[in-house]
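Student: got a predicted model here, sequence first, then my questions.
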Amino acid sequence: MTALIPTCDDDIIEAIRLARSERASIAVEGQGTKREMGRPMQAKRVLSMRGMSGITLYEPAELVLSAQAGTPVAEVEATLAARGQMLPFEPMDYRPLLGSTGEPTMGGLTAANLSGPRRIMAGACRDSLIGTRFINGRGEAVKSGGRVMKNVTGLDLARTMAGSWGTLGVLTDVTFKLLPRPETTLSVVFHGLDDQQAVALMAAALGSPFEVSGAAHLPVGIDRIAMTLLRLEGFAASLAYRAERLRGLLAPFGRCDIIEQAASTSLWAQIRDVRWFCEPRSEAIWRISVPPSKAPAMLAQISAGRRIRHMLDWGGGLVWISTAPTDLAGSELIRQAVRQAKGHALLVRASEGARGTDGTFEPLAPAVLALSTGLKKSFDPDHVLNPGRMYSGV
Amino acid sequence: MGIAFPVPDQAIVARRDEIIAGLSRLVPADALVISDDERRAFETDALTAYRKMPLAVALPSTTEQVAAIMAYCHTNGVKVVARGAGTSLAGGAIGQEDAIILGLSKMSKVLDVNFADRTMQVQAGITNLAISDHVMPQQFFYAPDPSSQLACTIGGNIGMNSGGAHCLKYGVTTNNILGVRMVLVDGTIVDIGGEAMDAAGYDFLALIVGSEGQLGIVTEATVRILRLAEGARPVLFGFATSEEAGACVAAIIGAGIIPVAMEFMDKLAIEICEAYAKAGYPLDVEALLIIEVEGSDAEMDATLARIVEIAKQHGVATVRESKSAMETAAIWKGRKSAFGATGRIADYICMDGTIPTGQLPLVLRRMDEITKHYGLRVANVFHAGDGNLHPLILYNVNDPEEAHKAEEAGNDILKLCVEVGGCLTGEHGVGIEKRDLMRFQFNEADLAQQMRVRSVFDRQWLLNPAKVFPLDGRTAG
């Protein structure tokens, strides 16, 4: 495959023009850290956005930042940290799970709609995304949204780009709203709960007024004793108060301990990146989004038919499963349990063969698939950009 | 007045009796509004300067009835304008002579509440406030709170991606909707999203929320509900200049504090609201900020102390911390009655641009010049934390020349918002009101891409067709 590294809009437009004339397709990426996700593609060329990099706007007093798509996420996070700010949605880093190298980019983060534990409080990547600029599959530069917090002018194409995995356009610029970095943080941890109890505890905590910014459960198997974690962030005095109130509210679930700032921060980074499932590399990784209260029964159903390791984030709304390499039957078992729980699953890590035959994204209802095919065509009529990465024909 | 409507399709108008007969086979008799007198109630919305008598009005009570109506209209080429409570300030629910109005007001039930997952399923015609009221006994609420929340429906909120005074912390409609049941133009019923925190495949919810009734008819929604904070308390600041008020807002955010609301009012708005609400607003200042924080008493004390300290560094002239629930209610009553109170002294058009907050002093000065140029007055209320402006341009509706000037002044103000890096509408929607200004914010490629997406859902442009996109240069496929 030939690699193209555009440095301006015109380079991208030319690459798309060429691909359309040759009826060939383009694999769009930043530095390729998530290349192994999604359905395998037979692209003639790779277009890497690493050549279009840099923060183009940062107004700390307005809580807004714009960056070119190829800007490393780390560069943005360091710039924000220097001014006591952050991306609200705590984007996860897939490199440990996928064993990939290179720097995740702002465009890649957007295309994959990457969110971390704080998603339960601050929303997903798409919720903070307020503007995008991209080149569509017709080779036209299109902008949507902007740099202001509230904007309902026209259809929200900007947010639609989040989670579209490069199939609708080549992102060139993204704009996010920001949050102040909390002064300090700690975690309240409960021990020895099963999935059912843990989800009930997390629901009680998230339904309290005490602003829990992370709620995860690490069952037996990750450590010797299960841990259920609630993260608090903010000003020190407020944290002490809220921790005390949570301790009282959740007393029926047993005694709890406090994990202080440094240890808490490192633990939540591990949760965010699902560090415990990196090895063995042969195992398949599933990411399941589900109504939290339905997670325990779903997990019971899956583990009845298959040996799995699992962990819960988002109060139970995000379930990670590591299991032996899936065959079609194994996939169907998981997909069926997920469907019954009204959730959806993404096969994150699997062999190229499995990703090709089984598909990786949640199968869609026929009417929604028809809309998806139509949407793809409206952006990229000749199926030039990442064709089939999400669904066959999309 | 300046906004054009498309020429009605006379072939459809001529078939009115046949179309009504067709619809009456699909829904009960009391679900159709046919007579002139009763239809008149659906002629306009909150943009009352414009009126169009609809062909007929259908008020279905189930998703299946909506599907049957849509299938009929699709087959017969009849246009459909969705309507919730008709509170659109942008004319989003105004119909046309060759279109039926599809009103969702009879579908106002709560279908399910799930406190464990903090979600709630409702029908589209339920009012915004009724959602919060339903879960208030358990201390939960639905966050977006547009000023019209007593009347406006969640379906309308979804159509316009409505905001409110408290979205600085909690986000707007698009951040608080998890799923919808929607009837497509051909009558197909689809579920988009659901009760999980994100959805599979493309983010269609992003497109549907804010689509102004052009992509389908939302009949049910799954919304996120949140636990109320332990307490909420506002502080009121008066400043001698709007520059100081603006700098104070920036400094608060710079200090790492995100209040739940930061509202700005200029001198004329202060006078109008104080005369009506007797909220105790200071009348000797040029700008007023209402800043609200949440938490326990001790947390609010601590945060407000920091905020007051910052305000003092920015030359605040008046500081009034609420000491009681009554005082809190009075402070908010003034702000929340801004539109109604203004309506008592004059007719007005309410603009809704958003600007980068750093541009506030410049924009206030330029707005003053613009309205003076047209010989008009403007009162400003403004969501200061997120830059969403609501200039109220005062005029006399019975004076056609002044009405025209008010529209011109409004257009100039919105162009100014775009010029300084903002947008035409922050939370009210485009409707017909800002339709012809879209080219100031978007170029042809931007608009064409939006229109192609619209056509994916509605190839024939039967759904709310006269809205959002300029009437000329429309792209079908």
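Tutor: That came through fine. Numbering: from 1, shown residues only, chains lettered A, B, ... in the order given.

Student: put the alpha carbons of stretch A:120-135 into PDB.
Tutor: Below are the C-alpha coordinates for stretch A:120-135, written out as PDB (Å, rounded to 0.1, in the frame of the first residue of the first chain):
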ATOM      1  CA  ILE A 120     -20.900   9.300  33.100                       C
ATOM      2  CA  MET A 121     -20.600  12.800  34.400                       C
ATOM      3  CA  ALA A 122     -19.200  14.900  31.600                       C
ATOM      4  CA  GLY A 123     -20.600  13.100  28.500                       C
ATOM      5  CA  ALA A 124     -18.900  11.300  25.700                       C
ATOM      6  CA  CYS A 125     -16.400  12.700  23.200                       C
ATOM      7  CA  ARG A 126     -19.300  13.600  20.900                       C
ATOM      8  CA  ASP A 127     -20.900  15.700  23.700                       C
ATOM      9  CA  SER A 128     -17.800  18.000  23.900                       C
ATOM     10  CA  LEU A 129     -17.300  18.100  20.200                       C
ATOM     11  CA  ILE A 130     -18.600  21.500  19.000                       C
ATOM     12  CA  GLY A 131     -17.200  21.800  15.500                       C
ATOM     13  CA  THR A 132     -15.500  19.800  12.700                       C
ATOM     14  CA  ARG A 133     -14.100  20.500   9.300                       C
ATOM     15  CA  PHE A 134     -13.600  17.700   6.900                       C
ATOM     16  CA  ILE A 135     -13.200  16.700   3.300                       C
END
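
Student: pLDDT of it, averaged?
Tutor: For stretch A:120-135, mean pLDDT is 98.

Student: and it, how far from the chain's centre?
Tutor: Averaging C-alpha coordinates over stretch A:120-135 and over its chain gives two centres that are 11 Å apart (CA atoms, centre = their mean, to the nearest Å).

Student: one more: stretch B:329-340?
Tutor: In terms of CA atoms, centre = their mean, the centre of stretch B:329-340 is found 17 Å from the chain centre.

Student: also stretch A:156-166?
Tutor: 13 Å.

Student: and for stretch A:184-191?
Tutor: Between the mean C-alpha position of stretch A:184-191 and that of its chain there is a distance of 23 Å (CA atoms, centre = their mean).

Student: same check on stretch A:5-24?
Tutor: Mean C-alpha position of stretch A:5-24 versus that of the full chain (CA atoms, centre = their mean) differs by 28 Å.

Student: put the alpha carbons of it into CSV.
Tutor: Written as CSV, here are the backbone C-alpha positions of stretch A:5-24 (Å, rounded to 0.1, in the frame of the first residue of the first chain):
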residue,chain,number,x,y,z
ILE,A,5,0.8,12.2,4.0
PRO,A,6,-1.2,15.4,3.0
THR,A,7,-0.1,18.7,4.3
CYS,A,8,-3.0,20.8,3.1
ASP,A,9,-6.7,20.4,2.0
ASP,A,10,-5.7,20.3,-1.6
ASP,A,11,-3.5,17.2,-1.1
ILE,A,12,-6.5,15.4,0.4
ILE,A,13,-8.8,16.6,-2.4
GLU,A,14,-6.3,15.4,-5.0
ALA,A,15,-6.0,12.0,-3.3
ILE,A,16,-9.8,11.6,-3.3
ARG,A,17,-10.0,12.7,-6.9
LEU,A,18,-7.5,10.2,-7.9
ALA,A,19,-9.1,7.4,-6.0
ARG,A,20,-12.5,8.2,-7.5
SER,A,21,-11.1,8.1,-11.0
GLU,A,22,-9.4,4.8,-10.3
ARG,A,23,-12.4,3.5,-8.5
ALA,A,24,-10.0,2.7,-5.6
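
Student: may I see the buried residues of that stretch?
Tutor: Going by neighbour count (16 or more other CB atoms under 10 Å in any protein chain shown), the buried part of stretch A:5-24 is A:6, A:9, A:11-13, A:15-16, A:18-20. Heads up, the C-betas are built off the backbone N, CA and C, glycines and all.

Student: please list which of these also come close to chain B.
Tutor: Contacts with chain B within the buried residues of stretch A:5-24, counted by CB under 8 Å from any CB of the partner chain: none were found.

Student: what about the longest helix seen in chain B and chain A, any contact?
Tutor: Of all the elements of type helix in chain B, the one with the most residues (DSSP state H) is helix B:400-419. No. On the criterion CB under 8 Å from any CB, helix B:400-419 is out of touch with chain A, staying 8.7 Å away.

Student: can you pull the buried residues of the helix or strand just after that helix?
Tutor: Counting by DSSP states H and E, the element after helix B:400-419 in chain order, helix or strand, is helix B:438-441. Taking 16+ other CB under 10 Å as the neighbour-count basis, helix B:438-441 is seen to contain the buried residues B:438, B:440-441.

Student: and the next helix-or-strand element following helix B:438-441, which residues are buried?
Tutor: Sequence-wise, the next helix or strand downstream of helix B:438-441 (DSSP H and E) is helix B:444-457. Neighbour counts using 16+ other CB under 10 Å place B:445-457 of helix B:444-457 among the buried residues.

Student: packing partners for the longest helix of chain B?
Tutor: With contacts defined as 3 or more CB pairs under 8 Å, 6 or more residues apart in numbering or on different chains; DSSP states H and E, the secondary structure elements packing on helix B:400-419 are strand B:347-350, helix B:360-373, strand B:388-395, helix B:438-441.

Student: relative to the whole chain's centre, how far out is it?
Tutor: Using CA atoms, centre = their mean, we find the averaged C-alpha position of helix B:400-419 to lie 19 Å away from the chain's own average C-alpha position.

Student: and stretch A:21-38, by the same measure?
Tutor: Its chain's C-alpha centre lies 18 Å from the corresponding centre of stretch A:21-38 when counted by CA atoms, centre = their mean.

Student: end to end on that stretch, go ahead and measure it.
Tutor: For stretch A:21-38, the separation between the terminal residues is 26 Å (CA to CA, to the nearest Å).

Student: list the buried residues of that stretch.
Tutor: A:25-38.

Student: filter the buried residues of helix B:438-441 by proximity to chain A?
Tutor: Counting by CB under 8 Å from any CB, the subset of the buried residues of helix B:438-441 that neighbours chain A consists of B:438, B:441.

Student: for the buried residues of helix B:438-441, give me JSON lines that also has pLDDT.
Tutor: Output for the buried residues of helix B:438-441, formatted as JSON lines (pLDDT from 0 to 100):
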{"residue": "B:Met438", "pLDDT": "96"}
{"residue": "B:Phe440", "pLDDT": "95"}
{"residue": "B:Gln441", "pLDDT": "96"}
